[in-house]
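Chemist: Sequence and predicted model, in that order:
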Amino acid sequence: MSVTLQINGVQHQLEVSEDTPLLWVLRDHIELTGTKFGCGIAMCGACTIHLDGQPVRSCSMPVAAAVGRQITTIEGLASNAAARAVQDAWDELQVPQCGYCQSGQIMSATALLSENSSPDDAAIDAAMSGNICRCATYPRIRSAIKSASEKLS
């Protein structure tokens, strides 16, 4: 099947099966490897991208569901003010340990701060609940989101 995808502001014409998970199209066909494979069942959040500005799990989303929609990966966040604040806070607070889950964490945190620049703990917990960090850096993640929030205000 021929599909056209809008990824990070660039149009891509691809020949892939319509049920191919979007994650593999991003990684294997477009070579955007910042989006990670974690579990394959949309439970860990490592594969989080933005679809029309909302965080979604790309490992379980068929490519056909993304046609005609705006896809943003971690590589496409450069022009987003919330993303810059999140990434700066991640660096300042040295959030990652192994770092594997961090692109998904940053994508979820950026989506949160793009909609709510001053989230309370409950909003942070709700937005980040689907992102698992095997190194358990959750306190640093929350602190970084709060720090980014302060910079955005």
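Modeler: Yep, it's here.
Chemist: Number of residues surrounding residue 48?
Modeler: 29 (other C-beta atoms under 10 Å). For every residue, glycine as well, the C-beta is placed using N, CA and C.
Chemist: That one against residue 110, yeah?
Modeler: No. Between residue 48 and residue 110 there is no contact under C-beta atoms under 8 Å: 9.7 Å.
Chemist: tell me which element the residue nearest to the spatial centre of the chain is part of?
Modeler: A centroid search over the chain (C-alpha atoms, centre = their mean) returns residue 107, at 2.8 Å, as the residue closest to the centre. According to DSSP states H and E, residue 107 maps onto helix 102-115.
Chemist: With residue 98 instead?
Modeler: Per DSSP H and E: residue 98 is located in neither a helix nor a strand.
Chemist: what about the nearest residue to it once chain neighbours are set aside, how many neighbours?
Modeler: Using C-beta to C-beta, 6 or more residues apart in numbering and skipping the chain neighbours, the partner closest in space to residue 98 is residue 135 (5.4 Å). Around residue 135 there are 14 other residues, counting by other C-beta under 10 Å.
Chemist: switch to numbering from 48
Modeler: In the new count, where the first residue is 48, that last one comes out as residue 182.
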